[in-house]
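# let's see this in three dimensions:
(2 chains)
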2 protein chains.
Amino acid sequence: MNVFIVHAHNEPQSFCTAMLHRMVQRFQAQGHEVHVSDLYAMQFNPVASAADFQARSNPDYLVYALEQRNADKTGTLAPDIAAEVAKLKACDLLVLNFPLYWFSLPAILKGWIDRVFLSGVVYGGRNFYDRGLLKGKKALLTFSLGGREHMFGPGSIHGDLNAMLKPVLQGSLGYAGMQVLEPFAAYHVPYITHEARVEVLEALDACVDGLETRAVLPKPSLDDFDPQMNPINS
Amino acid sequence: MNVFIVHAHNEPQSFCTAMLHRMVQRFQAQGHEVHVSDLYAMQFNPVASAADFQARSNPDYLVYALEQRNADKTGTLAPDIAAEVAKLKACDLLVLNFPLYWFSLPAILKGWIDRVFLSGVVYGGRNFYDRGLLKGKKALLTFSLGGREHMFGPGSIHGDLNAMLKPVLQGSLGYAGMQVLEPFAAYHVPYITHEARVEVLEALDACVDGLETRAVLPKPSLDDFDPQMNPINS
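Presented below is the predicted three-dimensional model:
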């Protein structure tokens, strides 16, 4: 398997970074090819802007998604984006590894999606959800957070964790057609003991070992909707 | 009222930018004081990093939230963050105006939250949700999107729009204690006629005029949870 891990933590000594290294080792030990984009180390620019296109189909008015299509076709994407797109296309499994910021992705990683998940390559027209253009690839979120496990789920203070992650799980990875696996959450990381952290890394090993049978999250099927995306009531 | 609008669109001629100008005019016509942070025009840096602190409580290991607290207390926040925090503190209503990217905020705006919503100022300890430190302020999302209204809601292709926005509505603005108003969504913007766009701007005027009676979204109350955030079953 070709595994592409996109990592986004601003402290190289963090537990989240330890999770990255642990996954790299485990995947490699299993004979997988692993590529890592360490966004902070790369000083990755997360801001989607006109500067992302070396030539424009419409220089007078920026429609970002249209320029993504044009630039991909004409080979005029900014080189930093093109490099990430190549890694994304080549992978069988995409892993996003990050600390949860405000119940979602740190901006540097959100911007990786904004800029790299190209219109025409990742989705387009009626090619989304189960017809998304990244169909056949798997995706996994692995993240650290301050909250405890009992703060999520039915009746809890924050509610269901996957519901909070819906714009990423369904709205981005699922929208692109990927098989989205049940996320791996490392709870309460800033406050736990060394021993507890060791256990989390062992659980992460088990997650890597068990990817083939890990639960896949449901996503909408376009078969249930007409071309205008009205539900088909059979 | 002191109104603070944070705007994030990469095309100054966009409809989303027209929404900004329309709101500024309408609020000012009503005698409100309006401040705007145009993140693209400011070339706002959305990446939370060590560079955000002119001095560090722990120079050897970055814990971003702890350094936010320290830098706020010691006046050593990066000046671009301090300026935004001052505007946030002074406002009665915060408006985030943006194009929906991947069912969430564009990275430049997500990073505004990551960097400006300071630990110790916006939330901290058990001060979140109905005890969040921005209690008393209102918040409103106004955004443009490509999708149509019938693509959201029960039984629709994407599901409920506010559910997709939960990490922002509940997990960020609500977490901070703000009264979160029902969002204003401008659907299908890239595809609609001039006349339809005029109608959307008129609806936006009505939204501004009706803020006092606009629906407030529910958020969890800490009264329903014990200090360990386990639900109190009365």
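# quick one: buried residues of stretch A:27-42?
A:Phe27, A:His32, A:Val34, A:Val36, A:Ser37, A:Asp38, A:Leu39, A:Tyr40 (16 or more other C-beta atoms under 10 Å in any protein chain shown). For every residue, glycine as well, the C-beta is placed using N, CA and C.
# and stretch A:68-85, by the same measure?
Neighbour-count burial for stretch A:68-85, counted by 16+ other C-beta under 10 Å, picks out A:Gln68, A:Arg69, A:Asn70, A:Ala71, A:Asp72, A:Thr76, A:Leu77, A:Ile81, A:Ala82, A:Glu84, A:Val85.
# name the residues that touch it?
A:37, A:42, A:44-45, A:51-57, A:112, A:115-116, A:118-121, A:124 (C-beta atoms under 8 Å, 6 or more residues apart in numbering or on different chains).
# so how do I select the buried members of those in PyMOL?
Filtering the contacts of stretch A:68-85 down to the buried ones (16+ other C-beta under 10 Å) takes a single PyMOL command:
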select buried, chain A and resi 37+44+45+52+53+56+112+115+116+118+119+120+121+124
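# now do the helices in chain A.
A:15-29, A:64-74, A:79-90, A:107-116, A:161-164, A:166-168, A:194-209 (DSSP state H).
# which one of the buried residues of stretch A:68-85 sits closest to chain B?
The shortest gap between chain B and any of the buried residues of stretch A:68-85 belongs to A:Gln68, at 11.9 Å (C-beta to the nearest C-beta).
# measure the closest one to A:Leu109 for me?
When distance is defined by C-beta to C-beta, to the nearest Å, A:Gln68 is 18 Å away from A:Leu109.
# output the helices of chain A as CSV; include the columns distance to B:Val198 and mean pLDDT.
Output for the helices of chain A, formatted as CSV (distance: least, C-beta to C-beta, whole Å; pLDDT from 0 to 100):
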stretch, distance to B:Val198, mean pLDDT
helix A:15-29, 48, 98
helix A:64-74, 23, 97
helix A:79-90, 36, 98
helix A:107-116, 29, 98
helix A:161-164, 36, 98
helix A:166-168, 30, 98
helix A:194-209, 52, 98
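# now the ones you listed in TSV, please, with extra columns for distance to B:Arg214.
Below are these laid out as TSV (distance: least, C-beta to C-beta, whole Å):
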stretch	distance to B:Arg214
helix A:15-29	39
helix A:64-74	30
helix A:79-90	39
helix A:107-116	28
helix A:161-164	24
helix A:166-168	23
helix A:194-209	43
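# B:Leu94 is nearest to which of those?
helix A:107-116 (17.8 Å; C-beta to C-beta).
# residues in contact with the closest one?
A:6, A:8, A:37, A:39-40, A:44-48, A:52, A:81, A:84-85, A:88, A:96, A:98, A:101, A:104-105, A:172, B:46-48, B:101-102, B:104-108, B:110-111, B:114.
# stretch A:216-223 too?
A:126, A:128-131, A:162, A:169-170, A:174, A:179-182, A:232, B:157-159.
# can we see that at 6 Å?
A:Tyr129, A:Asp130, A:Arg131, A:Leu169, A:Gln170, A:Gly174, A:Gln179, A:Val180, B:Ile157 (C-beta atoms under 6 Å, 6 or more residues apart in numbering or on different chains).
# what mean pLDDT would you report for it?
Stretch A:216-223 shows a mean pLDDT of 97 in the predicted model.
# quick one: end-to-end distance for that stretch.
19 Å (C-alpha to C-alpha, to the nearest Å).
# so is stretch A:143-153 next to chain B?
Yes - interface with chain B: stretch A:143-153 contributes A:Met151 (C-beta under 6 Å from any C-beta of the partner chain).
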